[in-house]
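Asks: Curious how this folds, go ahead:
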Amino acid sequence: MTFSLGPKSKANLVGVDDRLVSIVQTAIKETEQDFTVFEGLRTIERQRKLVASGASKTMASKHLKQPSGFGHAVDLVPWIDGQPRWEWGPIYHIALAMRNASIQHGVMIRWGGVWDKNLSDLPNSVPGIQKAVSDYCARHPGPDFIDGPHFELRA
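Replies: Below you'll find the predicted structure:
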């Protein structure tokens, strides 16, 4: 089955760097798991609220307008039975699609499931992606913030 971005997802890509938008557009066509673009560019006010609530850990978010004038991050959430669902099983499929799309476009992406590697350096399978997250958690024990829906341009 081929998926496509809905109107809300497209609206949430406004203000996001074109390279990242292109990767998301490729990934949605190739993924086995439908997803929504839950967030793209954020305002400072929104970021402050997310940090205050613990949903984000930094005011230096790539979701904020960068020096280029665009946001450099998106949150892609599995779309299941007509609603967003934050579940790891489907997130691995999205990460794999984003991995492959980033390679096709030749753009380095950092993923919130494995912060310390380029997404393109992760294995080309869902079990491999899942193991990479497990390995990352073993390398970074403690209160590290694992954020499966988050994808950002690598600086």
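Asks: Residue ranges in this structure under the pLDDT threshold?
Replies: Along the chain, no part satisfies pLDDT under 70.
Asks: the strands in it, which residues?
Replies: Counting by DSSP state E, the chain has strands at residues 35-39, 73-80, 83-84, 109-111, 114-118, 150-153.
Asks: possible to save the ones you listed as JSON lines with mean neighbour count and distance to Ala27?
Replies: Every residue, glycine included, has its C-beta placed from N, CA and C. Shown next, in JSON lines, are the strands of the chain (neighbours: other C-beta atoms under 10 Å; distance: least, C-beta to C-beta, whole Å):
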{"stretch": "strand 35-39", "mean neighbour count": "22", "distance to Ala27": "8"}
{"stretch": "strand 73-80", "mean neighbour count": "23", "distance to Ala27": "8"}
{"stretch": "strand 83-84", "mean neighbour count": "12", "distance to Ala27": "16"}
{"stretch": "strand 109-111", "mean neighbour count": "24", "distance to Ala27": "10"}
{"stretch": "strand 114-118", "mean neighbour count": "16", "distance to Ala27": "16"}
{"stretch": "strand 150-153", "mean neighbour count": "24", "distance to Ala27": "9"}
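Asks: would you turn the ones you listed into CSV with distance to Val16?
Replies: Formatted as CSV, these follow (distance: least, C-beta to C-beta, whole Å):
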stretch, distance to Val16
strand 35-39, 8
strand 73-80, 6
strand 83-84, 18
strand 109-111, 13
strand 114-118, 19
strand 150-153, 9
